[in-house]
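1. here is my input; please provide its structure:
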Amino acid sequence: MENRVQGSCPGAWNQAHTVQGMNGDLVRKTDDLFLFPGFCDVHVHFREPGFSYKETMITGSRAAARGGYTAVCAMPNLNPVPDSLEHLAEEEALIRAAGLIRIYPYGALTVGEKGQEPAALEDLAPRVIAFSDDGKGVQDEGMMRSLMARCAKLGKILAAHCEDDRLVRGGYIHDGAYAKAHGHRGICSESEWGPIRRDLALAKETGCAYHVCHISCRESVDLIRRAKREGVDVTCETAPHYLLLDEGDLQEDGRFRMNPPIRSKEDREALVEGLLDGTIDMIATDHAPHSREEKSRGLAGSAFGVVGLECAFPVLYTGLVKPGILPLDRLIDLMAVAPRKRFGIPLEEEDYTVWDLEAEYRLDPEEFLSMGKATPFAGRTVFGRCVKTVCGSTGNQMS
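-> As a prediction, the model looks like this:
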C-alpha cells in the first residue's frame, strides 16, 4: 500500500468522474478507486509541547494522512497550555516543523485550563482556530457566561468539553448495566447533558457560536436538537466509537476507556438518529494517544483516551455505509465538509484522499503510524484502505 502526503496536485481529482448522490460532487471515482476531499478533524490531541512520549506533531500528522485527513485542529491540553501568545508560540513552532498536513491550534479558554482565570483571548484570537478547555469542563456558570460573551465579541467558536465534576464521582465507564454487573464505578449521563443544558441557555443569551465536543448520550442529542430549532448558534460532534459501540461491547481492557464513556445501546441509536436528521453536524475522532503503559491498567486504572485517525473512515464505512444506514456522500460531508464550514477552514481542491473501498482487512493497531495503539476497534474486519493522501499546501511526501 502506498500512503503519502504529496506537495502538488497531480490532477487526479479533476480527472476523476463524479459519483452521483445527495452531494455527488464530494465523491469521485477513477478506475477502481474513490477520491474524496481531504478529511478534517476538529478534535485531535497531538500532545506537543509537553507530552511527546505519547505523540508528536510529526507522528500525529503521519497518522492523520494515513487516515485521509489533510486538516486537523489540535486541542490545548498541553504543557505549556496555549493560554498566551508566548505559550502558543511553542506549539506553532512544532506545527511548522511537522509540515505534512494543515494543523490548526486551539487556544485555551482559561489559564492553565484551570477554570479560574480567563486566558488571553484577545491576543490569541487571530492565531487560533477556536477556544476550548478540552479535557476539562468549565464548572462555574459565571465564568462560562463571561467567556462566551468575549468569544462572541471576537467572532470565535467556543468548543466545550461538557462535564460536571460533581457528578463524575470517580467513575470511568458508563453508569449502566456493565458497570453494575462488573463492580465498576460509573459516570452518569447527566454529567454531560447537564452542562450542555446550562451552556445552551448561555449561548442563546450571549450570541456565542457554541460547539459541543464528543457527545455520547441521547439527552445531549435531544437538547441540541431543540436548541437548533430555537435558533441557538450551536453545532456538535460525536466520534466513531459512540456511533458503533455500546456498553455491551466493553471488555476489561484500557482500550475501552475514554471520556465521555461508551454508553447504552439506546444512546448509540439516538446518536445515529442525530446524524441522520442533521442534529449532529460532524464526526471527529478525539484522537488521544497514550503510552502502552498508561493504557495497560484495565478499565479501572488506564488513562482516558483512544486513538482514531487511522481507522475512523474504515470503521464508519463498514459499520454505517455498507449496511445502508448512512449514504457515502453524507459520511464524506460529516468528515470533510461540515467541519470546515463551521470552523472556517478552506476546502482546497488540491487536498484529497484516495481509497480502495473493496479492500478488506483486519485492523491491527501495530501497523498504525501513531505512537498510540489503543483502539476499541482492534481486530475488527473492515473495508476501505487509504491508498494516497494529497495535501497541496506542502512540499513533504510520505510513503
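2. all helices of this protein, in order?
-> 12-15, 57-66, 85-98, 121-124, 141-154, 177-182, 190-206, 218-229, 240-244, 265-277, 298-301, 312-316, 328-332, 338-343 (DSSP state H).
3. quick check: buried residues in the longest one?
-> If I follow you right, that is helix 190-206. 191-200, 202-204, 206 (16 or more other C-beta atoms under 10 Å). The way it works is simple: take the backbone N, C-alpha and C, and place the C-beta from them, glycine included.
4. let me have those in TSV, extended by distance to R297 and pLDDT.
-> Output for these, formatted as TSV (distance: C-beta to C-beta, whole Å; pLDDT from 0 to 100):
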residue	distance to R297	pLDDT
S191	22	98
E192	24	98
W193	29	98
G194	29	98
P195	28	98
I196	30	98
R197	34	98
R198	33	98
D199	33	98
L200	36	98
L202	37	98
A203	38	98
K204	42	98
T206	41	98
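5. count of neighbours near R225?
-> Neighbour count for R225, taken as other C-beta atoms under 10 Å: 18.
6. returning to that earlier point: do you know which of the helices of the chain lies nearest G384?
-> Nearest to G384, of all those, is helix 312-316, at 4.4 Å by C-beta to C-beta.
7. return the distance of that closest one from the chain's centre.
-> 13 Å (C-alpha atoms, centre = their mean, to the nearest Å).
8. mind listing what's buried along that helix?
-> For helix 312-316, a neighbour-count test (16+ other C-beta under 10 Å) marks A312, F313, P314, V315, L316 as buried.
9. correct me if wrong: the third one contacts L363.
-> Yes - the pair P314 and L363 qualifies as a contact (C-beta atoms under 8 Å) at a distance of 7.2 Å.
10. quick check: neighbours shared by these two?
-> Counting by C-beta atoms under 8 Å, 6 or more residues apart in numbering, the residues touching both P314 and L363 are V382.
11. dump the buried residues of helix 190-206 to TSV, plus distance to I332.
-> Compiled in TSV, these are given as follows (distance: C-beta to C-beta, whole Å):
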residue	distance to I332
S191	33
E192	28
W193	29
G194	34
P195	31
I196	27
R197	32
R198	34
D199	29
L200	28
L202	33
A203	28
K204	31
T206	33
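12. nearest to P346, of the residues you listed?
-> Comparing these against P346 with C-beta to C-beta places A203 closest, at 25.7 Å.
13. surely the closest one touches H211?
-> No - using C-beta under 8 Å, A203 is not in contact with H211; the gap is 9.7 Å.
14. what is in contact with those two at once?
-> V234.
15. follow-up on the earlier one: ok, the buried residues of helix 190-206 vs D32, which is closest?
-> E192 (42.4 Å).
16. got the contact list for the closest one?
-> Applying C-beta under 8 Å, 6+ apart, the residues near E192 are C162, E163, D164, I215, S216, C217, E219, S220, P260.
17. can you list these in TSV and add neighbour count and pLDDT?
-> Formatted as TSV, the contacts of E192 follow (neighbours: other C-beta atoms under 10 Å; pLDDT from 0 to 100):
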residue	neighbour count	pLDDT
C162	23	98
E163	21	98
D164	17	98
I215	27	98
S216	29	98
C217	26	98
E219	18	98
S220	29	98
P260	26	98
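18. out of these, which is nearest to K180?
-> C217 (17.2 Å).
19. the closest one: what's its closest spatial neighbour, skipping adjacent residues?
-> Leaving aside its chain neighbours, C217 sits nearest to S189 (4.1 Å; criterion: C-beta to C-beta, 6 or more residues apart in numbering).
20. pretty sure that neighbour sits against E266.
-> No - taking C-beta under 8 Å as the definition, S189 is not a contact partner of E266, at 10.4 Å.
21. and those two? Which one has more around it.
-> S189 (22 against 12).
22. so how far is H43 from the more buried one?
-> Distance from S189 to H43, counting by C-beta to C-beta, to the nearest Å: 20 Å.
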